[in-house]
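Engineer: need a 3D model of the following:
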Amino acid sequence: MKVAISTLLSLPFLLGVGSIIFLQCTKSVQKTENLQGLVSDSESIRGKSIYLNTPYVTAGDRVYMVGHQNGTFPDIGWHVTGEMGGIWDHPIKLMDGFTASVTVGDQSACLTKADTFVNFPFANKHIFTTGLPGLKVERFQFVPDGKEAVVVEYTFMNEGNEKLDIQFDFNGYTDLRPVWLGERTNMIDGQDAATWDEALHNWIAKDSLNDWFVMFGAALASKSHKQKAITCDYKPRGKGVSASLQYHLEIGPNASVSLPITIAGSYKSEQNARTTFTETQANAPKLLLAKKERYQSIALKTKLTIPDKNLEQAFRWTKYNTDWLIRDVPEVGRGVSAGAPDYPWWFGADSEYALKGLIATGQPELVKSSVDVVHKLSEKVNGNGRIMHETSTNGAVFNPGNINETPQFTSLIAHVYRWTGDKEFLKKYFPTIKKGLDWLLKENDKDGNLLPDGFGMMEIHGMNSEMTDVAAYTQKAFADASELAIEMGDNKLAQHYASIASQLRTKINKDFWVPESNSYADFIGTPKQAIALINDAIIRADTLKKPWAVEELKAAKAKITGSTTDAKRGFVVHHNWVVNTPMETGVADSSKALAALQTASKFVNPFGAFVTGIDRDESAGKDESSVAGNNKVFTYTGAVMTLPTGVLAISENNYGRADAALGYLKRMTKSFSFALPGSIYEVSPDYGMMAQAWNVYSYAYPIVQQFFGIQPFASKKVIRVQPQMPTTWNEASLENVIVGNNELDYSFKRTGNTISLDLTQQQEIWKIVIALPKGQYKNWLSNGKPVVAKPDGAFDTIEIKGKTNVISAETK
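Structural biologist: Have a look, this model is predicted:
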């Protein structure tokens, strides 16, 4: 079927969905108001040509699509080997992907080698030159919010002065299969079979053993359709089938034609898939605009303006990245998953970091629903307060929980409560906190010294004794639980928790501190345990050709062997990043913290902090090249990651070193758009997950809560503002910061020896406490009138109310 201008004008219903529109002009290609035209005013980032053969994600909360930036869908991932790409509708996969080709006369081209990839916050685009005379093709795609569907729009652009008559072939490859751990919930993959639906002009495929369905097609009737795809040399694995659609299109000189393909599915019924398909196809422009507007609202919440525009942009896109990772599976819940493409499900620890950052960026409802998912899955598998580690989207729990995740849950609840003041939220989770802290010490502290034994964040074989991060997070948990117990009206329990927190603070600073290393220990254990770990570490360091580490480890081993004591004590072996958690939680004594932070600064490269310090090499100070590109076989050994880097930024801020904290954020920002435009990889700069949830912790916590110093106590209708700006930030602002039912705009300005804070809040009855370092400021003014600051610990403070206030003070 040839589509000419007369045909198009006779199909007004197609115009409504932007299916095919034709416009002719004599001078330049005229693009009509197709789908991508609706977002032409949106921010976007172009990718690098050298990374066209790396992944991207077209994000959605129900469905998402993962392929390569060049427009292909290769086998990706390892959790389900080679199957983590394609189109997913958790807990099932819908398609491995699709191919497309264009034919002009006797010349054909597969759309598998995009020249350019463009990423929008909520969509993406591939641009193909095709190599055919005068023909350029753009593929634009988005996933509507709340829909089990993706819309893929092809725009064919005739850049010549003659009419083009083209044939377009779209080939879909289904793969209706279960998610990772599907076998644990009796999800058995069957062979797919496809049938043609003449009424809707589409293919519909079903898994032979399950009511799993996927449909694809356009509103425009195809000229022909075939059961087997017209291949572009694509042979994905699995039990799927292929089917093709063929269209003939006419494009006038210097004009364009657009054709959107809708792909929809369901793991429930054929009717659900059909309903989603027809609704999405009929309302694609409206759904795209709704998603665009929602992302604009994300940008406006906790809107950051700072002198460093690279960091400002990375902060904004980190908010978008977090939204990309929302997984909504109605049978389980709605929450932020860990990372794409291999961790598209829920984790305890990842959530406990990410949600602390997310709450500061104006997403309280998403935070609460994410907490609910983690809690519900943990109660299902454990029921004793222990927080699970990893759960697939079918509800199957892989790991019931590492030791650190239970105390971190307590601190997460306390943190969210401070921001929201939601007493019902606290009441819901406080029983689990009590159970969890009870389980933590009764079941995991066999020698009764308040230091639980077991794996923390470092999943290195043998590192399951008394770990530094477990101890630091346990101390923080009991301190936070004490605060929450007071909120719950249980002062006796609060005193008990506070006592444990106090004892743990002393133990951490005494027992974990290793003076000769100027560092907190990786772990506390027996000399026998330490030697076993050192032997393994020597093999690791030698294999990675780190002679300095081999020498250090051998010296440590000799010292232990020559010792006469078998008593447990702290050992520094790997220089793992978790030795910085006492500074992250603020439990470290100041003198020890400053020494430890100096030590930590040795285990970095231009992108951030090494996960395991002994993996550092001589190039660590200057190497800014690809990680993935330099390794034929890559493991997480030797990795530099965003979480350890963010933890160091937070740690530096905790001890008044804002410039050092900013230095780590700048290192981390070097990875922004390095491989995937608009995103920061899990492993810096370009390995592991292409989007990672805990990045929002590494950015939002040090910027919002430490540089700007916003410390809420929403239940008391109090916001403490305790700024500690980097010296290069003489002007900075945050707008639309949501705290409880209040909203705060906050501008900081430094001129000479004077700082001023311009604060506007919606709820004028709320109290704002301004805190500046004690004895360092004079001549305080509030709205131009002198005020006297009152001492409060290490700070001088004033209290203000009202909607708008301007506070200033001079350095002494």
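
Engineer: where does the stretch 51-200 of the chain have low pLDDT?
Structural biologist: Nowhere does the stretch 51-200 of the chain drop to pLDDT under 70.

Engineer: what about the nearest residue to Q36 once chain neighbours are set aside, which SS state?
Structural biologist: Closest residue to Q36 apart from its sequence neighbours, by C-beta to C-beta, 6 or more residues apart in numbering: F140 at 4.0 Å. Quick note: C-beta positions are derived from backbone N, CA and C, even for glycine. With DSSP: H, G, I helix; E, B strand; the rest coil as the basis, F140 sits in strand.

Engineer: list the residues that contact F140.
Structural biologist: 34-36, 123-125, 152-153, 155 (C-beta atoms under 8 Å, 6 or more residues apart in numbering).

Engineer: can we see that at 7 Å?
Structural biologist: 35-36, 123, 125, 153, 155 (C-beta atoms under 7 Å, 6 or more residues apart in numbering).

Engineer: got a list of contacts for stretch 279-299?
Structural biologist: In contact with stretch 279-299 (C-beta under 7 Å, 6+ apart) are residues 17-18, 35, 38-39, 42, 121-122, 142, 144-145, 147, 149, 151, 219, 260, 262, 264, 316, 319-320, 323.

Engineer: look up which helix or strand D211 falls in, please.
Structural biologist: Assessed by DSSP states H and E, D211 sits outside every helix and strand.

Engineer: next one: the closest residue to it other than its chain neighbours from T275, what distance?
Structural biologist: Counting by C-beta to C-beta, 6+ apart, S269 is the residue found nearest to D211 once chain neighbours are left out, at 5.6 Å. Separation of S269 from T275 (C-beta to C-beta, to the nearest Å): 9 Å.

Engineer: list the residues that contact the nearest residue to R505 once chain neighbours are set aside.
Structural biologist: Setting aside the residues directly before and after it, R505 is nearest to V587 in space (C-beta to C-beta, 6+ apart), at 5.3 Å. Contacts for V587 (C-beta under 7 Å, 6+ apart) come out as 472, 475-476, 505, 508.

Engineer: let's see if you can find the most crowded of those residues.
Structural biologist: Comparing those by number of neighbours (other C-beta atoms under 10 Å), A472 comes first, having 29 neighbours.

Engineer: does it touch M583 like I think?
Structural biologist: No - using C-beta atoms under 7 Å as the test, A472 is too far from M583 to be in contact (8.7 Å).

Engineer: measure V150 to Q762 for me?
Structural biologist: For V150, the distance to Q762 equals 38 Å [C-beta to C-beta].

Engineer: the more surrounded of those two?
Structural biologist: It is V150, of V150 and Q762, that has more neighbours when counted by other C-beta under 10 Å, with 26 against 14.

Engineer: is it true that the more buried one touches P144?
Structural biologist: No - here V150 does not reach P144: they are 8.2 Å apart, not a contact under C-beta under 7 Å.

Engineer: chain neighbours aside, what residue packs nearest to T116?
Structural biologist: I127 (4.1 Å).

Engineer: counting by contacts, list what the helix or strand where the one you found lies packs against.
Structural biologist: Secondary structure assignment for I127, by DSSP H and E: strand 124-128. Applying 3 or more C-beta pairs under 7 Å, 6 or more residues apart in numbering; DSSP states H and E, one finds that strand 124-128 makes contact with strand 116-119, strand 135-142.

Engineer: quick one: closest of the ones you listed to I230.
Structural biologist: strand 135-142 (16.4 Å; C-beta to C-beta).

Engineer: restrict that closest one to CA atoms and write it as CSV.
Structural biologist: The C-alpha trace of strand 135-142 is given here as CSV (Å, rounded to 0.1, in the frame of the first residue of the first chain):
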residue,chain,number,x,y,z
LEU,A,135,17.0,9.2,3.3
LYS,A,136,17.6,9.8,6.9
VAL,A,137,15.7,7.9,9.7
GLU,A,138,15.2,8.8,13.3
ARG,A,139,13.8,6.3,15.9
PHE,A,140,12.2,8.0,18.9
GLN,A,141,10.8,5.9,21.8
PHE,A,142,9.2,6.3,25.2
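
Engineer: quick check: next helix or strand after that strand?
Structural biologist: From strand 135-142, the next helix or strand downstream (DSSP H and E) is strand 149-158.

Engineer: what's that next one packed up against?
Structural biologist: strand 135-142, strand 164-178, strand 242-251, strand 255-266, helix 270-282.

Engineer: look up the closest residue to E552, ignoring the ones flanking it.
Structural biologist: Nearest one to E552, counting by C-beta to C-beta, 6+ apart, is I614 at 7.7 Å.

Engineer: ok, now L553?
Structural biologist: Using C-beta to C-beta, 6+ apart, the closest residue to L553 is I538 (4.9 Å).

Engineer: again, but for K226
Structural biologist: S244 (4.6 Å).

Engineer: for the stretch 551-700 of the chain, which residues score under the pLDDT cut-off?
Structural biologist: 618-623, 627-636.

Engineer: now the helices: where do they sit in it?
Structural biologist: According to DSSP state H, counting those that start in this stretch, the stretch 551-700 of the chain carries its helices in the segments 581-584, 590-600, 642-654, 658-669, 695-700.

Engineer: could you dump these into JSON lines with mean neighbour count and distance to L426 added?
Structural biologist: What follows is the helices of the stretch 551-700 of the chain, written out as JSON lines (neighbours: other C-beta atoms under 10 Å; distance: least, C-beta to C-beta, whole Å):
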{"stretch": "helix 581-584", "mean neighbour count": "27", "distance to L426": "24"}
{"stretch": "helix 590-600", "mean neighbour count": "18", "distance to L426": "31"}
{"stretch": "helix 642-654", "mean neighbour count": "27", "distance to L426": "24"}
{"stretch": "helix 658-669", "mean neighbour count": "22", "distance to L426": "30"}
{"stretch": "helix 695-700", "mean neighbour count": "28", "distance to L426": "21"}
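
Engineer: and the contacts of F140, which two are furthest apart?
Structural biologist: A123 and T155 (13.3 Å).
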